[in-house]
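K.L.:
Sequence plus predicted model, see below.
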2 protein chains.
Amino acid sequence: MKIGIIGSGIVAQTLGTKLVQLGHDVALGTRDPKKLDDKKGFGGSLGEWLAKVGEKTNGKANVVSFRDAAAHGELLINATHGQNSVDALKLAGDDALAGKVLIDVSNELDPSKGMPPRVGASQDSCLAERIQAAFPKLKVVKSLNTINCGVMVDPKALAGGDHSVFVSGNDAPAKAAVGELLKQFGWTDILDLGDLSSARGPEMYMALWLRLWGATKTGAINIKVVR
Amino acid sequence: MKIGIIGSGIVAQTLGTKLVQLGHDVALGTRDPKKLDDKKGFGGSLGEWLAKVGEKTNGKANVVSFRDAAAHGELLINATHGQNSVDALKLAGDDALAGKVLIDVSNELDPSKGMPPRVGASQDSCLAERIQAAFPKLKVVKSLNTINCGVMVDPKALAGGDHSVFVSGNDAPAKAAVGELLKQFGWTDILDLGDLSSARGPEMYMALWLRLWGATKTGAINIKVVR
């Protein structure tokens, strides 16, 4: 499948690598695709990513603009920082996004007032809903935001995969398509929480995740919904 | 141990029953202890509770005022509705509370704008912190708010008890005392999240819990922190 990733940091790179390994044709979208040497936060440079992943894959890994990544993808992933997501998607452009499924894996976290970062989601709205409102023709599905990127793409590496992931969205076929991709990653316990407003749950949960990270001293954690 | 429970609804009754069964001396505090026949929300009347629990226990189960429950307890539990907690504790009185450990198991949930109820906790404060601020001499420990009362007192009835509970508080000996009580209930995975501000995590998690309840159609759920 042709997949366009909006974002180029460690989350985007990790998802991109896994998707290429699964045989998908991945375009990583970034603000300036010519800047292949800049280090990307916790990730390496995009040049390093291409060298690691792209050259073995017959051109099925590329670094392009936000707009070209959106145009490329039959399925899109938002892996930008939550505070920048709507702006990045505006740069991608409404025409390139329209009608497509977008998996929103991002969180709006603000570290400017100290640690742990403040969680932007609230009772009244969350990032996934704001993206949906800004781009009504997108089919936004919230998922994977409750897990760090290493676990996102390799759930079986943590406790054999015996833990849970969530999907929220207004479009049932879109949620089903995301569920298929999650299964390719190795997820087995996929819980449909309901429409996109239900994404306030997993987004607000980040306030607990950040404390669990502090208590366990590792980001390689997740929750299993026991029932 | 002498335990005073502030509150008399189903959570208070369920905790009270379990604590009596464990051999503790329990006073359930309510606004008007003479009203033994009023049905208490999802719980039965306090007369029914006393009949079920009290008469077999040599007087180790009593229904009293908020003030008398607070005065009775070496350890206190806040099991009121979160919206009423500070008011109920004011009725108990600062002198009866001072210096004691209070386990705050409550949540501030507002159903007035529809379902799921709105979660009162936010990035800026949570109920446990507001109680601590109103009663500086209390040693507030947040715990058990992430689980319905049936699971609170009998974790092993759900998946053999293989799931997690949290404690947050500013006083290490108080958290240790609460941990001992949790072990008596059957909890084995007790995670210390840090000081009382860390209770924002489990309180905000209720926004996810409410959606998990909707998705699984049962309140007999919990999360296991997999790491």
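P.N.:
Here it is on my side, so go on. Numbers count the residues shown, from 1 in each chain, chains lettered A, B, ... in the order given.

K.L.:
Show residues contacting the helix-or-strand element of chain A with minimal mean pLDDT.
P.N.:
Between all helices and strands in chain A, the lowest mean by mean pLDDT, DSSP states H and E belongs to strand A:39-40, at a mean of 81. Contacts with strand A:39-40, where a contact means Cβ atoms under 8 Å, 6 or more residues apart in numbering or on different chains, come from A:S8, A:G9, A:I10, A:Q13, A:S45, A:L46. Heads up, the C-betas are built off the backbone N, CA and C, glycines and all.

K.L.:
Nearest residue to the first one in space, please, no chain neighbours.
P.N.:
With sequence-adjacent residues excluded and distances taken as Cβ to Cβ, 6 or more residues apart in numbering or on different chains, A:S8 is closest to A:T30, at 3.8 Å.

K.L.:
Would you mind confirming that the one you found is in contact with A:R67?
P.N.:
No. Here A:T30 does not reach A:R67: they are 11.0 Å apart, not a contact under Cβ atoms under 8 Å.

K.L.:
Which one of those two is surrounded by more residues?
P.N.:
A:T30 (24 against 17; other Cβ atoms under 10 Å in any protein chain shown).

K.L.:
Just give me the residue closest to the centre of chain A.
P.N.:
Centroid check for chain A by Cα atoms, centre = their mean gives A:V105 as the closest residue, at 2.9 Å.

K.L.:
Can you name the residues that contact it?
P.N.:
A:V11, A:L15, A:I77, A:N78, A:A79, A:S143, A:L144, A:N145, A:M152.

K.L.:
now do A:G201
P.N.:
A:F166, A:S168, A:L193, B:A207, B:L208, B:W209, B:L210, B:R211, B:L212.

K.L.:
I'd like to check the angle between the strand or helix carrying it and helix B:200-216, please.
P.N.:
Applying DSSP states H and E as the criterion places A:G201 in helix A:200-216. Angle, helix A:200-216 to helix B:200-216, by axes from the mean of the first three to the mean of the last three Cα atoms, to 10 degrees: 130 degrees.

K.L.:
Using CSV, write down the CA coordinates of helix A:200-216.
P.N.:
Extracted in CSV, the C-alpha atoms of helix A:200-216 (Å, rounded to 0.1, in the frame of the first residue of the first chain):
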residue,chain,number,x,y,z
ARG,A,200,-10.3,12.4,24.4
GLY,A,201,-9.9,9.2,26.6
PRO,A,202,-6.6,8.0,25.2
GLU,A,203,-5.3,11.5,24.8
MET,A,204,-6.1,12.4,28.4
TYR,A,205,-4.6,9.1,29.5
MET,A,206,-1.2,10.6,28.5
ALA,A,207,-1.3,12.3,31.9
LEU,A,208,-1.2,8.9,33.5
TRP,A,209,1.3,7.5,30.9
LEU,A,210,3.8,10.3,31.7
ARG,A,211,3.6,9.3,35.4
LEU,A,212,4.0,5.6,34.6
TRP,A,213,7.0,6.5,32.6
GLY,A,214,8.4,8.4,35.6
ALA,A,215,7.6,5.5,38.0
THR,A,216,8.9,2.7,35.8
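
K.L.:
which parts of it are buried?
P.N.:
Across helix A:200-216, burial judged by 16 or more other Cβ atoms under 10 Å in any protein chain shown covers A:200-213, A:215.

K.L.:
Show me what the helix or strand containing A:K175 is packed against.
P.N.:
According to DSSP H and E, A:K175 maps onto helix A:172-185. Using 3 or more Cβ pairs under 8 Å, 6 or more residues apart in numbering or on different chains; DSSP states H and E, the elements in contact with helix A:172-185 are strand A:101-104, strand A:139-143, strand A:164-169, strand A:189-194.

K.L.:
How about that helix, which residues are buried there?
P.N.:
Neighbour count says helix A:172-185 has A:A174, A:K175, A:A177, A:V178, A:G179, A:L181, A:L182, A:F185 buried, by 16+ other Cβ under 10 Å.

K.L.:
Quick check: of those, which lies closest to chain B?
P.N.:
Chain B lies nearest to A:K175 out of these, by Cβ to the nearest Cβ, at 12.2 Å.

K.L.:
Quick check: the closest one touching A:F166?
P.N.:
No. Assessed by Cβ under 8 Å, A:K175 is found out of contact with A:F166, at 10.5 Å.

K.L.:
For the helices and strands packed on helix A:172-185, please prepare CSV with the additional fields mean neighbour count, mean pLDDT and distance to chain B.
P.N.:
Formatted as CSV, the helices and strands packed on helix A:172-185 follow (neighbours: other Cβ atoms under 10 Å in any protein chain shown; pLDDT from 0 to 100; distance: least, Cβ to the nearest Cβ, whole Å):
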stretch, mean neighbour count, mean pLDDT, distance to chain B
strand A:101-104, 28, 98, 16
strand A:139-143, 28, 99, 11
strand A:164-169, 26, 98, 8
strand A:189-194, 18, 98, 4
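
K.L.:
In TSV, list the buried residues of helix A:172-185 along with distance to A:H24 and pLDDT.
P.N.:
Formatted as TSV, these follow (distance: Cβ to Cβ, whole Å; pLDDT from 0 to 100):
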residue	distance to A:H24	pLDDT
A:A174	17	98
A:K175	19	98
A:A177	13	98
A:V178	14	98
A:G179	16	98
A:L181	9	98
A:L182	14	98
A:F185	11	98
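
K.L.:
got TSV for these, with distance to B:C126 too?
P.N.:
Listed next are the buried residues of helix A:172-185 as TSV, based on distance: Cβ to Cβ, whole Å:
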residue	distance to B:C126
A:A174	34
A:K175	32
A:A177	37
A:V178	32
A:G179	34
A:L181	35
A:L182	32
A:F185	34
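
K.L.:
buried stuff in the helix or strand hosting A:A133?
P.N.:
Using DSSP H and E, A:A133 sits within helix A:127-134. Under the neighbour-count criterion of 16+ other Cβ under 10 Å, helix A:127-134 has A:L127, A:A128, A:E129, A:R130, A:I131, A:Q132, A:A134 buried.

K.L.:
is it true that the last one touches A:L89?
P.N.:
Yes. At 7.0 Å, A:A134 counts as touching A:L89 under the criterion of Cβ under 8 Å.

K.L.:
need the contact list for A:S45.
P.N.:
A:L36, A:D37, A:D38, A:K39.

K.L.:
what do you get if the cut-off is 10 Å, keeping everything else the same?
P.N.:
Neighbour list for A:S45: A:S8, A:Q13, A:K35, A:L36, A:D37, A:D38, A:K39, A:A51, A:V63 [criterion: Cβ atoms under 10 Å, 6 or more residues apart in numbering or on different chains].

K.L.:
Need the buried ones from those selected in PyMOL.
P.N.:
Provided next is the PyMOL selection string for whichever of those are buried by 16+ other Cβ under 10 Å:
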select buried, chain A and resi 8+13+63
